[in-house]
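**Student:** model this:
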Amino acid sequence: MAIHLPSGCHMQAYADDVVLVVTAENVNRLEELTDTVLQQIVNWGKSVKLEFGAFKTQLIAFTPKARTLRVEMDGQILKTCKEIKLLGIILDEKLLFGRHVQYVLGKASRIFNKLCLYSRPTWGAHPENVRTIYLRVIEPIVTYAAGVWGHIVNKRYIKKSLMSMQRGFALKAIRGFRTISTSAALALAQFTPLDLKIREVHQIEKVRLTGKTEFLPNDISYEKPVPVKDLLHPARRPTIKPIPSSEHRINSEMTDSTLVTRVFTDGSKQDDGSVGAAFVLYRPGDTETSVTKKYKLHSSCTVFQAELYAIWKACQWIVSENHPHTYIFTDSLSSIYAINNRSNTHPIIVNIHKLIHANHTTHKIYIDWVKGHSGVIGNEEADAAANSGARMHKAPDYSQFSISYVKHKIRTEHHAIWQARYESSPQGSHTKTLLPKLNDIKELNKCTQTNFQHTQILTGHGYHKTYLHRFKIAPDDTCPCDGTSSQTVEHLLKNCQAFAAKRHSHEETCHAVQVPPYNLPEMLKKKAAINSFTSFCQTIINNIKKINENN
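**Tutor:** Prediction:
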């Protein structure tokens, strides 16, 4: 017995969750439709000995008029709820999703409270472990299903709530004092603001649904994965020969140039963004190129797409020109691995699979790997042809963008927004003076490991007396080295006599490699300089408390 839903009704099931959506032009019609469909569902359940519990069924209305309807299920009246939870998303009757944000932030906060038991600035969980917990656990929890609710993150109170939760993890990740500003903490931890992360997920899902992106004209469409139902039956999907263990397969008996057709394919993306693909074909017995075909792809396409496109066009040519036994060589391992995946839903790969299967009785097509730029003439010719194809002045032969292109564009845009926020924030001025660009911080994290000592120097929140006096922990802010200077981070680095020997050593190292001794962005260009600086910072923080206590 099948259920035939009337117009205006839609039902979606996932595991043991079933949602029924009913729309109508007035309340009476809405009530009639809902009662009818619910009765159909109850009757179908009884026919298969399945009982639907009315007491477990929730009803939510999204308009004021809809909240007045009276709905029954199996003789029981269903009460209207103000919110329901469906597949981990809390839907409220006004679709504001504020309650859902509270819910996910509550889950994240409970994890943070547990983390606080095992992590302090000077001991506990390693900063990299905290970072892993945040990126692999917290971010997925918060951004889950953001494609549905992510549009609300522009609201000020939502941003504030997200930042408040994220700040705690950032402080743990950098092992910093809790007085550090959110702006500086997120920058040093390299945690992209959560509202931007949520917006990223929302924008990507919108592209997947609409097939369009604001970064490209509407005539450039999204390269949508092929639905599983449209793939070849598993029994018919071709098994591509495994990648050879030796790169010299092209010289073996299997690929004797007198017996088989050899095709070399390649894809290329130029510095200016232009993309090309090409293949060169050697007929049996030929030592020189018999056929060269070049193609131009849209600038939004990736090298991976270009490599696959070249293989696809080569397969088409092989079939159309009736080459019975052919080896296709590519220097793209990622393309071979993708084609070897018999369940891959990439549209170009699906086309390759279908073409090979449709002609498998008359055309034997093998796809192998050849090492790129290793002196193989066919591969070098294909590379030159692909570069030439990219420079052709013509309409693209292929103009569908991948989701990786959209991700790159969105992340670039959001990084610029984050940089603007960082620069304009009234807090974190000390950090911005030392590291004015987010990319500077990224490079610093590659050179050094985050620790309690470095964070104090980079934030200005630490054991030096200017900070302690600010919070009335120290009676004054003067440095014992001369009794008059304020003991700031800058004083400790550049003038304090207690660290004169270490300072001299650091400055000599920087002069040797020709970089300014206190310009962090410049020091990052020289490994010796940044190593010397971090060692200098470590020495200052490890000794400052003892120096102040003894005086």
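
**Student:** contacts and neighbour counts: CA atoms only from here.
**Tutor:** Will do.

**Student:** separation between E200 and V406?
**Tutor:** Between E200 and V406 the distance is 10 Å, computed by CA to CA, to the nearest Å.

**Student:** same check, this time on T68
**Tutor:** In this structure, T68 and V406 are 44 Å apart, going by CA to CA.

**Student:** Between the two, point out the one with more neighbours.
**Tutor:** Neighbour comparison, T68 and V406: the larger count goes to V406, with 22 against 12 (by other CA atoms under 10 Å).

**Student:** May I see the buried residues of the host helix or strand of that one?
**Tutor:** V406 belongs to helix 403-424 when assigned by DSSP states H and E. Residues of helix 403-424 classed as buried by neighbour count (16 or more other CA atoms under 10 Å): I403, V406, I410, H414, H415, W418, Q419, Y422, E423.

**Student:** these two touch, right, the second one and T213?
**Tutor:** Spelled out, that is V406. Yes. Using CA atoms under 8 Å, V406 makes contact with T213 at a distance of 7.5 Å.

**Student:** Spit out the contact partners of the residue lying closest to L493 once chain neighbours are set aside.
**Tutor:** Spatially, and ignoring its direct neighbours in sequence, L493 is nearest to R503 (7.3 Å; CA to CA, 6 or more residues apart in numbering). The contact partners of R503, by CA atoms under 8 Å, 6 or more residues apart in numbering, come to L493, K494, F536.

**Student:** Kindly recompute the last result at 10 Å.
**Tutor:** Under the criterion of CA atoms under 10 Å, 6 or more residues apart in numbering, the neighbours of R503 are 492-497, 509, 517, 532-533, 536-537, 540.

**Student:** Doesn't it belong to a helix?
**Tutor:** Yes. Membership of R503 in a helix is supported by DSSP: H, G, I helix; E, B strand; the rest coil.

**Student:** ok but Q305 is inside a helix, no?
**Tutor:** Yes. Looking at Q305 with three-state DSSP, it is inside a helix.

**Student:** which helices and strands sit right next to the longest helix seen in the chain?
**Tutor:** Taking DSSP state H as the assignment, the helix of the chain that covers the most residues is helix 527-550. Other elements packing on helix 527-550 under the criterion 3 or more CA pairs under 10 Å, 6 or more residues apart in numbering; DSSP states H and E are helix 438-447, helix 452-459, helix 465-470, helix 489-494, helix 500-513, helix 520-523.

**Student:** mean confidence for that helix?
**Tutor:** Regarding helix 527-550, the rounded mean pLDDT is 92.

**Student:** Please point out which parts of it sit buried.
**Tutor:** Using 16+ other CA under 10 Å as the burial criterion, the residues of helix 527-550 that qualify are 529-534, 536-538, 540-541, 544, 548.

**Student:** pull the CA atoms of that helix into PDB?
**Tutor:** Backbone C-alpha positions of helix 527-550 (Å, rounded to 0.1, in the frame of the first residue of the first chain) are rendered in PDB as follows:
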ATOM      1  CA  LYS A 527      65.000  31.300  10.900                       C
ATOM      2  CA  ALA A 528      68.100  32.300  13.000                       C
ATOM      3  CA  ALA A 529      66.600  35.600  13.900                       C
ATOM      4  CA  ILE A 530      63.200  34.300  15.000                       C
ATOM      5  CA  ASN A 531      64.800  31.500  17.000                       C
ATOM      6  CA  SER A 532      66.900  34.000  18.800                       C
ATOM      7  CA  PHE A 533      63.900  36.200  19.500                       C
ATOM      8  CA  THR A 534      61.900  33.400  21.000                       C
ATOM      9  CA  SER A 535      64.800  32.300  23.100                       C
ATOM     10  CA  PHE A 536      65.200  35.900  24.300                       C
ATOM     11  CA  CYS A 537      61.400  36.100  25.200                       C
ATOM     12  CA  GLN A 538      61.700  32.800  27.100                       C
ATOM     13  CA  THR A 539      64.600  34.100  29.200                       C
ATOM     14  CA  ILE A 540      62.800  37.300  30.100                       C
ATOM     15  CA  ILE A 541      59.600  35.600  31.300                       C
ATOM     16  CA  ASN A 542      61.400  32.800  33.100                       C
ATOM     17  CA  ASN A 543      63.400  35.300  35.200                       C
ATOM     18  CA  ILE A 544      61.200  38.400  35.600                       C
ATOM     19  CA  LYS A 545      59.400  37.200  38.700                       C
ATOM     20  CA  LYS A 546      62.600  36.400  40.500                       C
ATOM     21  CA  ILE A 547      64.100  39.800  39.500                       C
ATOM     22  CA  ASN A 548      61.000  41.700  40.800                       C
ATOM     23  CA  GLU A 549      60.800  39.700  44.000                       C
ATOM     24  CA  ASN A 550      64.500  40.200  44.900                       C
END
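
**Student:** tilt between it and helix 452-459?
**Tutor:** Comparing the axes of helix 527-550 and helix 452-459 via axes from the mean of the first three to the mean of the last three CA atoms, to 10 degrees yields an angle of 100 degrees.

**Student:** Off-centre distance for helix 527-550?
**Tutor:** Its chain's C-alpha centre and that of helix 527-550 lie 37 Å apart, by CA atoms, centre = their mean, to the nearest Å.

**Student:** With stretch 359-373 instead?
**Tutor:** Using CA atoms, centre = their mean, the distance from the centre of stretch 359-373 to the centre of the chain it belongs to is 33 Å.

**Student:** which one of the buried residues of helix 527-550 sits closest to W312?
**Tutor:** For those, the minimum distance to W312 (CA to CA) is 49.2 Å, reached by I530.

**Student:** Next up, the contacts around W149.
**Tutor:** Shown in contact with W149 (CA under 10 Å, 6+ apart): 89-91, 95-98, 100-101, 143, 198-199, 202.

**Student:** Show me how the protein divides into domains.
**Tutor:** As assigned by automatic domain parsing, the chain contains the domains 9-81, 98-218+402-460, 228-400, 463-551.

**Student:** Quick one: end-to-end distance for the first one.
**Tutor:** In terms of CA to CA, the two terminal residues of domain 9-81 are separated by 20 Å.

**Student:** Backbone dihedrals for K94, please?
**Tutor:** The phi/psi pair for K94 (degrees, to the nearest 10) reads phi -100, psi 0.

**Student:** picking up where we left off before, take the helices and strands packed on helix 527-550 and lay them out in a markdown table including distance to K364 and mean pLDDT.
**Tutor:** Formatted as a markdown table, the helices and strands packed on helix 527-550 follow (distance: least, CA to CA, whole Å; pLDDT from 0 to 100):
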| stretch | distance to K364 | mean pLDDT |
| --- | --- | --- |
| helix 438-447 | 49 | 94 |
| helix 452-459 | 62 | 94 |
| helix 465-470 | 75 | 94 |
| helix 489-494 | 71 | 95 |
| helix 500-513 | 60 | 95 |
| helix 520-523 | 57 | 95 |
